[in-house]
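Student: What shape does this take:
(one chain, ligands or ions: 1)
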Amino acid sequence: MIPDSPRYNIENLKIDEIIFTQGFVPSCNIKICKGECCNLGVYLDLEFRDKILNYSDVIIKVMNDAQVKDVKLWFDGEIIEDTDFTSGLAIGTNLYKTPKGYEQCVFKDLNNFCSLQIAAEEIGLHKWDLKPTFCILYPLTIDHSVLTYDDDHSSTLSYCGKTKFENFTQTVYNALKEEISYVFGDNALDYLNKYLKNKQQ
Ligand code: SF4
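Tutor: Numbers count the residues shown, from 1 in each chain. Below is the predicted model of the structure:
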């Protein structure tokens, strides 16, 4: 079973310096963006799927009426090989259609919150213990062992997206320090700060 945190060793990754320069909004703000980044679902480690399924009772309990309660419909069933996932295997979350006809991740509720995060908080786990790594890290991602900015997905987003310069107040690196520490461990920020300093010398 995948440990809750840290999930990756940052020293095993290359660092794309775009993470220190790409602009980002003051913080994720569901009231403004309506969780737009969740509309396509996410790929997660196959072992993490099993962890989520272990908590299906509490996840179903916190879901809205419109959400899919049949656990067999939560994941797309197509297992792919990808070494950016700890087990080397990944699977995607399915989408469902809301009463207003929008498609979104099965775990995104009608208030635009993630049922996995709500469920974790409900039972006293860390808020991200049931959340897929690439949801926590977004708009950062790991691509072919490089920690980088997910510009493909970001280019479609209307609030925090890569061209929404008017909304930027900080870099993604500064915005995501809590997330980076959670996914890569407490020493990750020191490691990245030293990395940046060395590059600037
Ligand atoms: S699992 Fe949660 S955070 Fe990730 S895409 Fe789905 S609703 Fe969003």
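
Student: Quick check: buried residues in stretch 118-127?
Tutor: Applying a neighbour-count criterion of 16 or more other Cβ atoms under 10 Å, the buried positions in stretch 118-127 are Ile118, Ala119, Ala120. C-beta: built from backbone N, CA, C; applies to glycine.

Student: correction: stretch 128-145
Tutor: Of the residues in stretch 128-145, 128-142 count as buried by neighbour count, 16+ other Cβ under 10 Å.

Student: ok, so of the residues you listed, who is nearest the ligand?
Tutor: Compare each of those with the ligand using Cβ to the nearest ligand atom and the shortest gap goes to Cys135, at 3.2 Å.

Student: Now name the helix or strand holding that closest one.
Tutor: Per DSSP states H and E: Cys135 is located in helix 133-137.

Student: Pairing partners for the helix or strand that that helix is followed by, with directions?
Tutor: Toward the C-terminus, helix 133-137 is succeeded by strand 140-143 as the next helix or strand (DSSP H and E). According to DSSP bridges, strand 140-143 forms sheet pairs with strand 146-149 (antiparallel).

Student: all strands of this structure, in order?
Tutor: Using DSSP state E, the strands found in the chain span residues 14-15, 23-24, 43-45, 80-81, 89-92, 95-97, 103-105, 140-143, 146-149, 170-171.

Student: Turn the ones you listed into CSV, columns for mean pLDDT and distance to Lys69.
Tutor: Conversion of the strands of the chain to CSV gives the following (pLDDT from 0 to 100; distance: least, Cβ to Cβ, whole Å):
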stretch, mean pLDDT, distance to Lys69
strand 14-15, 97, 41
strand 23-24, 97, 35
strand 43-45, 98, 19
strand 80-81, 98, 26
strand 89-92, 98, 19
strand 95-97, 98, 11
strand 103-105, 98, 15
strand 140-143, 98, 30
strand 146-149, 98, 35
strand 170-171, 98, 39
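
Student: for those, which one sits closest to Gly185?
Tutor: When the strands of the chain are ranked by proximity to Gly185, the top entry is strand 146-149, at 13.4 Å, counting by Cβ to Cβ.

Student: Let me have the strands of the chain in TSV, adding distance to the ligand as columns.
Tutor: Rendered in TSV, the data for the strands of the chain read as follows (distance: least, Cβ to the nearest ligand atom, whole Å):
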stretch	distance to the ligand
strand 14-15	24
strand 23-24	17
strand 43-45	8
strand 80-81	17
strand 89-92	10
strand 95-97	9
strand 103-105	3
strand 140-143	13
strand 146-149	18
strand 170-171	21
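
Student: wait, which of the ones you listed is closest to Lys194?
Tutor: Proximity of the strands of the chain to Lys194 was assessed by Cβ to Cβ; the nearest stretch is strand 14-15, lying at 11.0 Å.

Student: And the closest one, how far out from the chain middle?
Tutor: The gap between the average C-alpha position of strand 14-15 and the chain average comes to 19 Å, counting by Cα atoms, centre = their mean, to the nearest Å.

Student: surely Leu116 meets Lys51?
Tutor: No. Taking Cβ atoms under 8 Å as the definition, Leu116 is not a contact partner of Lys51, at 10.1 Å.
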